[in-house]
Structure formats: C-alpha cells, structure tokens
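In: Mind looking at a prediction? Sequence and model below.
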Amino acid sequence: MSTNVGAAGRQEAALQTQAAPRGGRYYRRFGLVERVMHAGLMFSFIGCALSGLPLLFPYTGWARGLAALMGGFEGAALVHRVSATVMVIVFLSHIFQFLWRGLASGNILSVLWGPNSLMPQPQDIVDLYQHAKFFLGFGPRPKFDRYTYWEKFDYMAVFWGMFIIGGSGLLLWFAVPLSHWLPGWVFNIATLVHGEEALLAVGFIFTIHFFNGHVRPEKFPMDLVIFTGRISEHELKDERSQEYERLVREGRLAAIEATPPSAGAVTFGRVIGGTALVLGIVTILLILYGLLVG
C-alpha cells in the first residue's frame, strides 16, 4: 500500500509540475503606457488599412462595399484621416517617452544601446546567424535578451514607415495650401509612395508580424503579453533566457514580479487580438484578390 501511495504522490507531483507554467510566477513585461500605445497603434493602423485600401482597389466589388460601410469614399477618407491622426499622436508620444527615459536615466545613449534598447545592435546579427543554424539543425537555439532581432526589425519597420507614409500622407492631406509652394510632380510622387508603402506595410504587419507575434508554434494561437503586460516565468526562462539570467544576476527579478493576469484580462486580450488577427487575414486575402483581378 505504501508503494501505491508513493506512486500516487509522484504522479501528483508530476501533474503539479506540468501545471506550474500556467499557475506559477508572472513578471511585468510591459506597463500600462506601452499597452495603451500599442492599442492605439493597432486600432489606428487597422483603421488606416480598411479605409485606405478601397482607394487602391476601387475597381473591385469588395472595395466599393467596404467604402459603403463607412459612408462612401468620402466617409472612408474621413476614417482614414482620423486614424492617421491617432497614429501620429501615438508616434509622437512614443518619441517623447523615448527621450524622457533617456534624460531621466542621465544617459540618453541608454535608450539607444544595451539590452533594453529596441535599436538593432551587432548581437542581433549574431543571433540571426545562430538562429538560422538552429533552424537547419546545425546548432543550439540562441539565448535571447529582452528584445529579439525580429522584434527589433518589426519596430524599425514601423518607425521607418511612419516617416515615409506619414510624410507623404501629410503632403496629400494639405495638398491645396502646399501647392502654392511645391510643384505638382511632388504630389504625384507622394501619391505613389503613400499607396505602395502603405500596401507594403499592411502586407508586412498582417503576415510577418502576426506570424511572429501569434502564429509561431510556441505562441499559437495568441500571445497575450502585450494585452496583459505580464509574462509567465516559464516563458521568460524559455524564450528570453538571457534576460532572465541577467535579471537574476542583477537582483532585479523580484522587483518586476506581478500577479497573474485575471480571467477578464485574458478574455479581453483574446477577443481584441483575435479580432485584429481575423481582420488582418481577411485584408490580406482581399489584397491578393484585388491584385489578381487587376
């Protein structure tokens, strides 16, 4: 009988170990400001995409139908400008936060370099090379820090796109007053650049970014960290082991320990993230259809 009890105890311990990742410790990864900014960027980007694509594919039935839902092409233009305004506000707020953190730390370079920076660094090239070797079966999986090379690529793509798409969009928005000082060919180029770069951005965000953030095997079907702001201990150890080891070594791990996300926060994240994911996939399919029939 003692043997059975021992076996039962070992089985229960094994079950608790398997359940630990879900009910174990959690750590704060993103604060409220970062999550609100991401939400603003996400909704404004989707708004710009859904209101701008009908202007690129006006010859398709889906484009006319989508524009009709927004009150026609004039209504779509209004939605586009409102969404663009929100996106610019989020971008400027991020720049302000970026500079504020650098000044508060007493070293502006701290936000441009180091493990907590989103700026690409030589280590990212090494990580990319080691990751490629891992995919091909020629080496171990690299240890990542707070931000991986693909997350930095996503970030820089958005950062670069804000200047290209935003700058050309402002030229087109205020074309009438600006036409008194600028030649007409500038607005023709702005129209081409704005449309093509926006199409590239939509395709990138709704495929590469969505895959990296949600569809990867270890994240499927949804990565909720940007919605809850929390990451479980087992995810931190497995996916960002270098950051975990650094936080332990510096004695800062306990300072970011947080309560597990509530059921309501998890449900909210799944609904919002799932809706965005579905809209993105549908948008990509509509774009492909528009390109094929065009």
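Out: Perfect, I can see it now. Numbering: from 1, shown residues only.
In: where along this structure do the helices fall?
Out: Under the criterion DSSP state H, the chain carries helices at the ranges 2-23, 32-56, 61-69, 72-104, 122-135, 149-173, 175-178, 184-204, 210, 225-228, 233-239, 241-250, 263-293.
In: Could I get the ones you listed in a markdown table, plus columns for mean pLDDT, mean neighbour count and distance to residue 219?
Out: (C-beta placed from N, C-alpha, C; glycine too.) Shown next, in a markdown table, are the helices of the chain (pLDDT from 0 to 100; neighbours: other Cβ atoms under 10 Å; distance: least, Cβ to Cβ, whole Å):
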| stretch | mean pLDDT | mean neighbour count | distance to residue 219 |
| --- | --- | --- | --- |
| helix 2-23 | 41 | 10 | 14 |
| helix 32-56 | 89 | 18 | 16 |
| helix 61-69 | 88 | 15 | 30 |
| helix 72-104 | 86 | 15 | 24 |
| helix 122-135 | 91 | 14 | 16 |
| helix 149-173 | 87 | 17 | 12 |
| helix 175-178 | 90 | 11 | 43 |
| helix 184-204 | 89 | 16 | 18 |
| helix 210 | 82 | 17 | 10 |
| helix 225-228 | 88 | 20 | 9 |
| helix 233-239 | 88 | 16 | 9 |
| helix 241-250 | 89 | 15 | 16 |
| helix 263-293 | 86 | 14 | 11 |
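In: CSV for those helices, including distance to residue 113?
Out: Below are the helices of the chain laid out as CSV (distance: least, Cβ to Cβ, whole Å):
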stretch, distance to residue 113
helix 2-23, 33
helix 32-56, 20
helix 61-69, 44
helix 72-104, 11
helix 122-135, 10
helix 149-173, 12
helix 175-178, 38
helix 184-204, 26
helix 210, 29
helix 225-228, 24
helix 233-239, 23
helix 241-250, 15
helix 263-293, 31
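In: To residue 111, which of those helices lies closest?
Out: Nearest to residue 111, of all these, is helix 72-104, at 4.3 Å by Cβ to Cβ.
In: Quick one: list the elements packing against the closest one.
Out: Counting by 3 or more Cβ pairs under 8 Å, 6 or more residues apart in numbering; DSSP states H and E, the packing neighbours recorded for helix 72-104 are helix 32-56, helix 61-69, helix 149-173.
In: Next, the angle from that helix to helix 61-69.
Out: If you take axes from the mean of the first three to the mean of the last three Cα atoms, to 10 degrees, helix 72-104 sits at 80 degrees to helix 61-69.
In: now for the helices and strands packed on helix 72-104, which one comes closest to residue 211?
Out: Of those, nearest to residue 211 by Cβ to Cβ is helix 149-173, at 9.6 Å.
In: and that closest one with helix 184-204, angle?
Out: 150 degrees.
In: got the contact list for residue 123?
Out: residue 145 (Cβ atoms under 8 Å, 6 or more residues apart in numbering).
In: same thing with residue 148?
Out: 127, 240.
In: 7 Å instead, please
Out: residue 127 (Cβ atoms under 7 Å, 6 or more residues apart in numbering).
In: ditto for residue 192
Out: So residue 192 contacts nothing (Cβ under 7 Å, 6+ apart).
In: Just confirm residue 140 contacts residue 134, I think it does.
Out: Yes - at 6.5 Å, residue 140 counts as touching residue 134 under the criterion of Cβ atoms under 7 Å.
In: Can you give me the distance of the residue minimising distance to the centre of the chain to residue 226?
Out: In the chain, the residue lying closest to the centroid (Cα atoms, centre = their mean) is residue 209, at 6.3 Å. From residue 209 over to residue 226 the distance is 11 Å, taken as Cβ to Cβ, to the nearest Å.
In: now do residue 122
Out: For residue 122 relative to residue 226 (Cβ to Cβ), the value is 27 Å.
In: got it, and residue 183?
Out: Residue 183 is 43 Å from residue 226, by Cβ to Cβ.
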